[in-house]
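J.: need coordinates for the following:
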Amino acid sequence: MTFASIIVPAFNVQATLAQTLHALLAQTYAAYEIIIVDDGSTDATSRIASDFAQDSKIRVVRQPNRGLAGARNTGIAAAKGSVIGFCDADDLWEPEKLAVHVAHLEANHQVGISFSGSALIDDDGAFTGQAQRPRLRDIDARCIFKRNPIGNGSAPVIRRDVFDAIAFRPSHETQRDWYFDETFRQSEDIECWLRIALSTDWEFEGVPGLLTKYRISAGALSSATDRQFAAWERTVDKLDTLAPQFFASEASAARAYQLRYLSRRAVSDLDAPRARTLSRAWVKTSLTPMREEPLKSVVTLAAVCVLSVLGPRALRQAMTFAARTGAAQ
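T.: So this is what the prediction gives:
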């Protein structure tokens with residue numbers, strides 16, 4: 001039976017950590033461990049982690065704060081499993097998630113990264129009515145660059161061999177290899193997935209279902225859209241030397257998709273000025289999203305207009321329509 005490791009990066013997550021760990025302990029798959037990486041927490045996170053570590057499936061690793069990428073790298077270094085999953089400490093896994101991904105990887109030896117769709121939950125853990133329902137097959141670097149089908153860091157389960165293939169060690173690092181780039185505090189996921197796609201032969205493939213519950217905190221993103229976009233641009237700059245022709249042909253369209261995504265997040269946070277700025281930017285950058293996904297693009301622009309002119313109540317009606325047509329996904 002394949003042994004799996006689930007890594008839980010934890011930094012000041014006293015409000016949600018217990019719920020996350022209860023969900024992980026309810027996995028129907030038997031052969032797994034949970035590694036909590038306490039990333040320099042200053043609240044009750046350390047105590048909660050210690051309480052849960054009385055369960056034989058759970059280990060706790062503590063370190064000074066290194067950020068999400070650094071916590072994941074520490075977890076990978078400590079992991080005993082031949083497959084590794086990540087669950088951020090405010091997200092949840094459905095009970096069957098690990099079993100489904102392990103079976104998928106065991107049946108498809110060319111697949112290195114197995115992922116699923118995600119239901120979106122709010123700060124209270126209630127479903128928002130929205131979900132990430134990504135493309136599951138025929139995933140290449142272009143698809144990852146433009147649409148990031150994995151969606152969030154709590155969605156994938158990945159072979160250890162994949163991480164071994166992309167490991168690197170900066171000159172100042174004396175303790176362990178890096179897999180995620182710790183110099184990134186945002187966009188570390190897409191940088192890693194794209195680096196895998198461009199530098200290895202491992203395939204990305206999804207499984208049906210919404211197996212992750214991904215928490216969207218109110219107001220958490222729109223205030224950081226500038227930083228998130230800057231981190232995305234830094235990903236392009238970093239990886240350009242790895243595949244210059246790829247970025248020369250794909251960057252404009254992917255940039256427009258990224259700006260459209262950020263405009264949708266600004267709409268969700270009811271930040272009308274930011275949503276307008278981002279929408280103008282993606283339309284000016286490239287019309288590829290409009291050609292490839294006309295319904296979703298039009299609904300995005302309509303939502304920005306409704307929020308700007310008519311306000312949040314009318315926006316909710318527009319979002320209900322988008323959910324019914326599938327354009328909100």
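
J.: alpha carbons only for contacts and neighbour counts from here, please
T.: Fine.

J.: what helices and strands are in contact with the lengthiest helix in the chain?
T.: Assignment by DSSP state H gives helix 244-268 as the longest helix of the chain. When contacts are defined as 3 or more Cα pairs under 8 Å, 6 or more residues apart in numbering; DSSP states H and E, helix 244-268 packs onto helix 141-147, helix 225-239, helix 272-285, helix 288-292, helix 294-309.

J.: for this protein, what spans make up the helices?
T.: 17-25, 45-52, 67-78, 97-107, 141-147, 160-166, 188-199, 225-239, 244-268, 272-285, 288-292, 294-309, 312-325.

J.: not counting sequence-adjacent ones, nearest residue to residue 206?
T.: Spatially, and ignoring its direct neighbours in sequence, residue 206 is nearest to residue 136 (4.2 Å; Cα to Cα, 6 or more residues apart in numbering).

J.: show me where the stretch 101-250 of the chain dips below the pLDDT cut-off.
T.: 218-223 (pLDDT under 70).

J.: quick one, what contacts residue 146?
T.: Contact analysis of residue 146 by Cα atoms under 8 Å, 6 or more residues apart in numbering lists 253-255, 257-258.

J.: could I get those as TSV with distance to residue 295 and neighbour count?
T.: Compiled in TSV, those are given as follows (distance: Cα to Cα, whole Å; neighbours: other Cα atoms under 10 Å):
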residue	distance to residue 295	neighbour count
253	17	19
254	18	24
255	19	21
257	14	25
258	17	23
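
J.: against residue 118, how distant is the spatially closest residue to residue 149 that is not a sequence neighbour?
T.: Of all residues not flanking residue 149 in the chain, residue 134 sits nearest, at 5.0 Å (Cα to Cα, 6+ apart). Distance, residue 134 to residue 118, using Cα to Cα, to the nearest Å: 9 Å.

J.: pairing partners for the residue nearest to residue 62 when sequence neighbours are not counted in the sheet, please.
T.: In space, not counting the residues next to it along the chain, residue 62 is nearest to residue 38; the distance is 4.7 Å by Cα to Cα, 6+ apart. Taking DSSP bridges as the rule, residue 38 bridges to residue 10, residue 62.

J.: and the pLDDT for residue 38?
T.: We have a pLDDT of 98 for residue 38.

J.: any idea how far it is from residue 264?
T.: 32 Å.

J.: looking at residue 134 and residue 118, which has the bigger crowd around it?
T.: residue 118 (26 against 20; other Cα atoms under 10 Å).

J.: so that one touches residue 132, yeah?
T.: Yes - between residue 118 and residue 132 there is a contact at 5.0 Å, judged by Cα atoms under 8 Å.

J.: thinking again about what came up before, quick one: contacts for the residue nearest to residue 62?
T.: Neighbour list for residue 38: 9-11, 45-46, 49, 60-63, 71 [criterion: Cα under 8 Å, 6+ apart].

J.: and with 10 Å instead?
T.: By Cα atoms under 10 Å, 6 or more residues apart in numbering, residue 38 lies in contact with 8-13, 45-46, 49, 60-65, 71, 75.

J.: now which of those residues would you call buried?
T.: 8-13, 45-46, 49, 60-61, 71, 75 (16 or more other Cα atoms under 10 Å).

J.: and which of the residues you listed is nearest to residue 246?
T.: residue 71 (30.4 Å; Cα to Cα).
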